[in-house]
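Chemist: here is a sequence with its predicted model. Questions after.
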Amino acid sequence: MLNPIDVALQSVTPAVMVPRRTAFEELDTPGHRILMAGNGIWLEVLRAWLYVRVLISPQLPLAVPYGNVSSELRLKFGKLPLSMVHQFTDEARTKLPNECAGWVIWNESTGAWRLHMLQELSVDRNHVNMILPILGESEHLVIDVHSHGSSHAFFSPTDDNDDLGEAKITGVIGSLDQANVTAKFRLCVDGVFVPLSF
């Protein structure tokens, strides 16, 4: 008999065997699950704004009676809001030489976007610690972006740690003292990082 904690953990992150002869049914309620497939082990995540399936481990080294799935990434709102990233970049230039951070937020009910610049607890040219806002009803964090001042854009080990266990897009904008900035973006889903061209 399973320990109640194991039951709770397995109900939050179930493992599903992908059928070989029946159509695969996607996750239809927000959450995530592990998919055991003939072509590897996959993570499937559903949020109000996102559906994604990403390979997390290659094909098992033995014959398994599972069907295959493929990579999938769908954004409910369509295209990412480049104008919000440009707006953040303009704000970040005014903060030089220090770093800054912001959230790009999507309202599921209205379809509206807004950039929320995060209030800083401490900041300098190498770090920024922020107060995270409380989202309104129907609002979702889509892009968590911060600047690197005049340094180039890259994801640090601190960024990697901060992005564990969440479903969001993260971005870094650097070289803000130059005409052409550098930028890195990725999709973060429960500790899996998928590079994005933005």
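Modeler: Yep, that arrived.
Chemist: which SSE is residue 140 in?
Modeler: Taking DSSP states H and E as the definition, one finds residue 140 inside strand 139-147.
Chemist: return the list of helices and strands in contact with that strand.
Modeler: With contacts defined as 3 or more CB pairs under 8 Å, 6 or more residues apart in numbering; DSSP states H and E, the packing partners of strand 139-147 are helix 82-94, strand 101-107, strand 167-174. Yep, even glycine has a C-beta here, placed from its N, CA and C like the rest.
Chemist: how is this protein partitioned into domains?
Modeler: Per the record, the chain has its domains at 4-75, 82-196, by automatic domain parsing.
Chemist: export those to JSON lines and tack on mean neighbour count and mean pLDDT?
Modeler: Written out in JSON lines, the entries for the domains of the chain read as follows (neighbours: other CB atoms under 10 Å; pLDDT from 0 to 100):
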{"stretch": "domain 4-75", "mean neighbour count": "14", "mean pLDDT": "93"}
{"stretch": "domain 82-196", "mean neighbour count": "16", "mean pLDDT": "92"}
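Chemist: host element of residue 160?
Modeler: Using DSSP H and E, residue 160 sits in helix 157-162.
Chemist: now swap in residue 111 and tell me
Modeler: With elements delineated by DSSP H and E, residue 111 resides in a region that no helix or strand encompasses.
Chemist: do the same with residue 7
Modeler: helix 4-12.
Chemist: likewise for residue 44?
Modeler: With elements taken from DSSP H and E, the one containing residue 44 is strand 40-46.
Chemist: how big is the angle separating that strand from strand 167-174?
Modeler: 90 degrees (axes from the mean of the first three to the mean of the last three CA atoms, to 10 degrees).
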